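*Asks:* Quick one: sequence plus predicted model below, questions after.
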Amino acid sequence: MFHLAARQTEGLITSPLQLHSLDLPVPDHSILNRWAETLGVLRPKAGSAPVYLLVDSTGFPLRAWCMC
C-alpha cells in the first residue's frame, strides 16, 4: 500500500485512529503480509498525468469532487 513496508502501513493506519481517539482494531503487519501475498489485484501502471493531492488540516468535512 502506497509503496510502504508492512510495518509502515500498520503505522499509517494506526496513527489517524489514535489521533481521533478511535479504539478500532488494526491488522498486525504479519497479517498484512499474508493478505498481500494472496490478493489477486491488478495494480494499474503509473500514468504520465499529474496527480493533485489536497491536504486539509482545518477539520472541516470536505466533499469529494473530480474534474474528469
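*Replies:* It's in.

*Asks:* Extract the C-alpha set from the lowest-mean-pLDDT helix or strand in the chain and format it as CSV.
*Replies:* The weakest-scoring helix or strand in the chain, judged by mean pLDDT, DSSP states H and E, is helix 29-38 (a mean of 76). Extracted C-alpha coordinates of helix 29-38, given in CSV (Å, rounded to 0.1, in the frame of the first residue of the first chain):
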residue,chain,number,x,y,z
HIS,A,29,2.0,-6.2,9.9
SER,A,30,2.4,-10.0,9.6
ILE,A,31,-1.3,-10.3,8.7
LEU,A,32,-0.9,-7.6,6.1
ASN,A,33,2.0,-9.5,4.6
ARG,A,34,-0.1,-12.7,4.3
TRP,A,35,-3.0,-10.8,2.8
ALA,A,36,-0.8,-9.1,0.2
GLU,A,37,0.5,-12.5,-0.9
THR,A,38,-3.0,-13.8,-1.6
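
*Asks:* What segments of this protein are helices?
*Replies:* 6-19, 29-38 (DSSP state H).

*Asks:* Can you say which of the ones you listed is packed in most?
*Replies:* helix 6-19 (a mean of 13; mean count of other C-beta atoms under 10 Å). (C-beta placed from N, C-alpha, C; glycine too.)

*Asks:* contacting residues around that helix?
*Replies:* Helix 6-19 has contacts (C-beta atoms under 8 Å, 6 or more residues apart in numbering) with 1-2, 4, 23-24, 26-30, 32-33, 36.

*Asks:* Spatially, which two of these are the most separated?
*Replies:* Across these, no pair lies farther apart than 23 and 36, at 25.4 Å, counting by C-beta to C-beta.

*Asks:* Residue 22 and residue 35, how far apart?
*Replies:* 21 Å (C-beta to C-beta, to the nearest Å).

*Asks:* Of all the helices of the chain, which one is nearest residue 50?
*Replies:* helix 6-19 (23.1 Å).
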